[in-house]
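Colleague: Generate a structure from the sequence data that follows.
(one chain, ligands or ions: 2)
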Amino acid sequence: MFSFIKIVLRNLIRGPSTEPYPFGKASAPKGLRGKVKFDAHNCVACRMCEHVCAGGAIQFSEVPDKRGLKFTLWHNTCAFCGLCEYYCPTKAIHLTGDYHTAHLQKDKYGYVETGLVKYQPCANCGTPMVPVSPRLLSLAYGQVNGDIARLTHLCSECRRQICDPVSSNRSEVK
Ligand code: SF4
Ligand code: SF4
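Modeller: Numbering: from 1, shown residues only. Ligands and ions are numbered 1, 2, ... in the order given. Coordinates of the predicted model:
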């Protein structure tokens, strides 16, 4: 009887060991693979995530006014495998600790993560291009000098011309 009272008193002092969810916040365990988050600012539209996606949950498509590429991820198709995060070169996509995935059946096609990777015009020829993300530059070069910064504002064709010593068009690139 004494040990029973001791346990009751100890538990009263310590409080509940379980989370009060759904009446309070419940913390996610470290490393939980929850809902995917996309960061358009750091995406270089390499489309690797779309290629490796185990669930076929990711799609890139050009927006009708050609302002850029739209990223769409259907949460209810995602298998939480983490391949998109693993293969993304710029860490522009990652799985969060958010495990709230319940939604109504009628909302299933609208239960998405979206983002727009905006095109920018090439500084030399004006061709719309996907800008190089700041994170990719810092991962690749650390400190970005003036030459590299200038190249990042050129499309792949103008970069090829300016960097190719035997290119006949080299002098045309400003
Ligand atoms: S999110 Fe990452 S892997 Fe996907 S297209 Fe953007 S840069 Fe590439
Ligand atoms: S976690 Fe897996 S299934 Fe989900 S979007 Fe990323 S690659 Fe696709």
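
Colleague: Give me the residues contacting stretch 56-64.
Modeller: Residues outside stretch 56-64 that contact it (Cβ atoms under 8 Å, 6 or more residues apart in numbering): 45, 47, 49-50, 68-75, 77-79, 84, 116. Where C-beta positions appear, they are placed from N, C-alpha and C, glycine not excepted.

Colleague: Return only those of those found close to ligand 2.
Modeller: Counting by Cβ under 6 Å from any ligand atom, Leu73, Cys78, Ala79, Cys84 from these sit close to ligand 2.

Colleague: May I see the ChimeraX selection of the buried members of the contacts of stretch 56-64?
Modeller: Selecting the buried subset of those in ChimeraX, with 16 or more other Cβ atoms under 10 Å as the burial test, is done by:
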select :45,49,50,68,69,70,71,73,74,75,78,84
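
Colleague: Show me the contacts of stretch 56-64 that map onto strands.
Modeller: Gly68, Leu69, Lys70, Phe71, Thr72, Leu73, Trp74, Leu116 (DSSP state E).

Colleague: of all those, which comes closest to Tyr99?
Modeller: Proximity of the ones in strands among the contacts of stretch 56-64 to Tyr99 (Cβ to Cβ) peaks at Leu73, which lies at 16.2 Å.

Colleague: right, and the closest one touches Lys35 too?
Modeller: No. Look at Leu73 against Lys35 with Cβ atoms under 8 Å: they stay out of range, at 9.2 Å.

Colleague: Overlap in contacts, those two.
Modeller: The contact lists of Leu73 and Lys35 share Glu113, where a contact means Cβ under 8 Å, 6+ apart.

Colleague: Many thanks, I have nothing further to ask.
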